[in-house]
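Chemist: Structure for this input, please:
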Amino acid sequence: MRNFLQRLMIGRYGPDHLGTAMFVAALILSVVFSLIGFAFGSYISLALLGIAIFRMYSRNIPARRRENDRFLRYYAPVKAKIKKRVSAIRERKTHRFFTCPGCHNTLRVPKGRGKIQITCPRCGERFVKKS
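Modeler: As a prediction, the model looks like this:
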């Protein structure tokens, strides 16, 4: 069975970030539409799932790569912001986060140090805050 699947995927594009996002979106839409009782919604989620499967088995690799690159151009900054927020929430007990008034860079400072002078490593701006 494994050899069959390996031979099947030779020369095909395979899974990527856009395909994974389409699978997840199809699953979420399917659940949401079934909860609210929107019958036409199941066709929308099936169409999205069909497009994702088509992309995975496609032999037009340059076109699929361009589509994925276009998706990543918008997805990567969103993912970075979410990752930064999750990290800040996870470290909220041990660190405080400040924004540099000069370059708007986010700076992480240990909690419980009292009033300290913070120097931004990017622009060199100095400011005093309570940690």
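Chemist: what sits up against stretch 80-92?
Modeler: Stretch 80-92 has contacts (CB atoms under 8 Å, 6 or more residues apart in numbering) with 97, 106, 108. (Each C-beta comes from the backbone N, C-alpha and C, glycine too.)
Chemist: Sort out for me which of these are in strands.
Modeler: Counted as lying in strands by DSSP state E, out of the contacts of stretch 80-92, are 97, 106, 108.
Chemist: Any idea how far the strand or helix carrying Phe23 is from the middle of the chain?
Modeler: Element membership for Phe23 (DSSP states H and E) is helix 17-36. On the basis of CA atoms, centre = their mean, to the nearest Å, helix 17-36 sits 15 Å off its chain's mean C-alpha point.
Chemist: what does it contact?
Modeler: By CB under 8 Å, 6+ apart, helix 17-36 touches 39, 41-42, 44-46, 48-49, 51-52, 55-56, 67-68, 71-72, 75.
Chemist: at 6 Å instead, please
Modeler: 41-42, 45, 48-49, 52, 55-56, 68, 71-72 (CB atoms under 6 Å, 6 or more residues apart in numbering).
Chemist: Show the buried residues in the contacts of stretch 80-92.
Modeler: Buried residues within the contacts of stretch 80-92, counting neighbours by 16 or more other CB atoms under 10 Å: none.
Chemist: Can you tell me which of the residues you listed comes closest to Asn60?
Modeler: Nearest to Asn60 among the contacts of stretch 80-92 is Thr106, at 41.0 Å by CB to CB.
Chemist: beta partners for that closest one?
Modeler: Beta bridges link Thr106 to Thr99, judged by DSSP bridges.
Chemist: all strands in this protein, in order from the N-terminus.
Modeler: Under the criterion DSSP E, the chain contains strands at 95-99, 106-110, 115-119, 126-130.
Chemist: CSV for the ones you listed, including distance to Lys83?
Modeler: Below are the strands of the chain laid out as CSV (distance: least, CB to CB, whole Å):
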stretch, distance to Lys83
strand 95-99, 14
strand 106-110, 12
strand 115-119, 23
strand 126-130, 24
